[in-house]
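Q: kindly generate the corresponding structure for this input.
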Amino acid sequence: MFVDQIKVNARAGKGGDGSVHFHRGKFRPKGGPDGGDGGNGGSVVLLVDNSTNSLRTFFYNPKLLANDGEKGRGNQCSGSSSPDVVYKVPCGTVISRIIEEEDPETGEIIERYEHVADLTTLHQTFVLCKGGRGGKGNVHFKTSTHQTPREFTPGTDGEEGRFHFELRSIADAGFVGFPNAGKSTLLASLSAARPKIANYPFTTLQPMIGIVHFGPNRRGTLADIPGLIEGAHANIGLGHDFLRHIMRCRELLFVVDTGGTEGRDPVADLETVRKEVSLYSAELAKRPWCIIANKMDVEGAAEHLANLKSRFKRVKILPISAQSGLGMDKLRAHLDKQIGQDMEHAFAPVE
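A: Numbers count the residues shown, from 1 in each chain. Predicted structure coming up:
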């Protein structure tokens, strides 16, 4: 099961209370104060890890909890601090705090999201909820005129809250288009990714990421998101769930079925998908883009290609067939120029 957004409850551990204690020994029946400090509570920490590409773990365990620190003890012994609890998240996870507010008109409780963090770097850590501090024992309150203090400070509460985790895939370029346009076949042809491929719409139900190698030391990352339909910007057909995964892409690759194998007009398809992207995010629509005219090996594709060139005169069009390999060398050269990077450099996603 693929999960790309989830709500969780998180609570860090409370700090242990300081101790009120007096030393009692064989030769010191009325010794001075020696209450130790409380230990610190554990923090809830998120770690970006490449062993996971989904938020599925939090679907089964939406409560992120850390333990409390121990209370202080006598003989100036501090209580043990609780270790931090680390939860792994995939690269590209966006964290928001959920704030509940009352609607002034209806009186209903509504949720507002406040951005907290964007985790985009491998091995990056983020303290979601910080553990409470341990309290001071009575040994700290001893003075020359106050030799039997009974004061202490309690441990502070750990931070807590409700959070929304949202996964936005990280890729240099993303394939966008109608269902069954051949995006999955194209990703499989360019990279080692093996998405499910079949001759029916919505074969791809979750984003797929593939790495394309342009040479011994150059590569780029490609994302194949599920096919869009008209109304995707309004979340029809799970449009928002799909569109969020191209928000980080440097370039958008609009894949069209140039052969018109399902009786649709490639020009109309492209206009529709471009409109949906623009309505979803004006900033996203301004990104560099090109047209991948797929299925050029199908009868009638040449006529559709001419119509595309006539309608989109200033846009780069790459005629290909992902199935037969036609035009794939030119596509690779284009991708190398646009998104190819040396392997020693980290991929910096678009903010």
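Q: show me where the stretch 201-350 of the chain has its strands.
A: Here the stretch 201-350 of the chain has its strands, by DSSP state E, counting those that start in this stretch, at 208-215, 218-224, 251-257, 289-294, 317-319, 341-342.
Q: sheet partners, orientation included, of the third one?
A: Sheet pairing for strand 251-257, assigned by DSSP bridges, gives strand 173-176 (parallel), strand 289-294 (parallel).
Q: please identify the most buried of those.
A: strand 173-176 (a mean of 28; mean count of other Cβ atoms under 10 Å). Every residue, glycine included, has its C-beta placed from N, CA and C.
Q: circling back: now the strands paired with strand 251-257 as a markdown table including distance to H164?
A: Below are the strands paired with strand 251-257 laid out as a markdown table (distance: least, Cβ to Cβ, whole Å):
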| stretch | distance to H164 |
| --- | --- |
| strand 173-176 | 23 |
| strand 289-294 | 29 |
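Q: right, and these - which one's nearest L252?
A: Each of the strands paired with strand 251-257 has some distance to L252 by Cβ to Cβ; the shortest is strand 289-294, at 4.2 Å.
Q: measure how far the closest one is from the centre of its chain, please.
A: Here strand 289-294 shows a centroid-to-chain-centroid distance of 27 Å under the convention Cα atoms, centre = their mean, to the nearest Å.
Q: kindly report the same for stretch 328-338.
A: 28 Å.
Q: what's the spacing between D118 and M247?
A: Separation of D118 from M247 (Cβ to Cβ, to the nearest Å): 11 Å.
Q: still on that earlier bit, for the strands paired with strand 251-257, which has the smallest mean pLDDT value?
A: Here those differ in mean pLDDT, and the lowest is strand 173-176 at a mean of 88.
Q: next SSE after that strand?
A: Later in the chain than strand 173-176, the nearest helix or strand by DSSP states H and E is helix 183-190.
Q: against which helices or strands is that next one packed?
A: With contacts taken as 3 or more Cβ pairs under 8 Å, 6 or more residues apart in numbering; DSSP states H and E, helix 183-190 sits against strand 173-176, strand 208-215, strand 218-224, helix 328-339.
Q: can I get these in CSV including distance to I98?
A: Listed next are the helices and strands packed on helix 183-190 as CSV, based on distance: least, Cβ to Cβ, whole Å:
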stretch, distance to I98
strand 173-176, 28
strand 208-215, 28
strand 218-224, 27
helix 328-339, 35
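Q: so which of the ones you listed is the most surrounded?
A: Comparing those by mean count of other Cβ under 10 Å gives strand 173-176 as most buried, with a mean of 28.
Q: ok now it, how far from the chain's centre?
A: 17 Å.
Q: list the contacts of it.
A: Outside strand 173-176, the residues that touch it by Cβ atoms under 8 Å, 6 or more residues apart in numbering are 183, 186-187, 220-225, 228, 245-246, 249-255, 273, 277, 292, 335, 338-339.
Q: what about 6 Å?
A: Strand 173-176 has contacts (Cβ atoms under 6 Å, 6 or more residues apart in numbering) with 183, 222-224, 246, 249, 251-255, 339.
Q: tell me the least confident of these?
A: Among the contacts of strand 173-176, I246 has the weakest pLDDT, 78.
Q: mind checking how far the closest residue to that residue other than its chain neighbours is from T153?
A: Closest residue to I246 apart from its sequence neighbours, by Cβ to Cβ, 6 or more residues apart in numbering: G174 at 4.0 Å. Distance of G174 to T153, computed by Cβ to Cβ: 54 Å.
Q: okay, the lengthiest helix in the chain in CSV with CA atoms only?
A: Taking DSSP state H as the criterion, the chain has its longest helix at helix 266-280. C-alpha atoms of helix 266-280 as CSV (Å, rounded to 0.1, in the frame of the first residue of the first chain):
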residue,chain,number,x,y,z
PRO,A,266,-3.4,14.8,-29.1
VAL,A,267,-3.6,18.6,-29.4
ALA,A,268,-6.8,18.7,-27.3
ASP,A,269,-5.2,16.3,-24.8
LEU,A,270,-2.2,18.5,-24.4
GLU,A,271,-4.2,21.7,-24.1
THR,A,272,-6.3,20.0,-21.4
VAL,A,273,-3.4,18.8,-19.3
ARG,A,274,-1.5,22.1,-19.6
LYS,A,275,-4.7,23.9,-18.4
GLU,A,276,-5.0,21.5,-15.4
VAL,A,277,-1.4,22.1,-14.4
SER,A,278,-1.8,25.9,-14.7
LEU,A,279,-5.0,25.9,-12.6
TYR,A,280,-3.4,23.8,-9.9
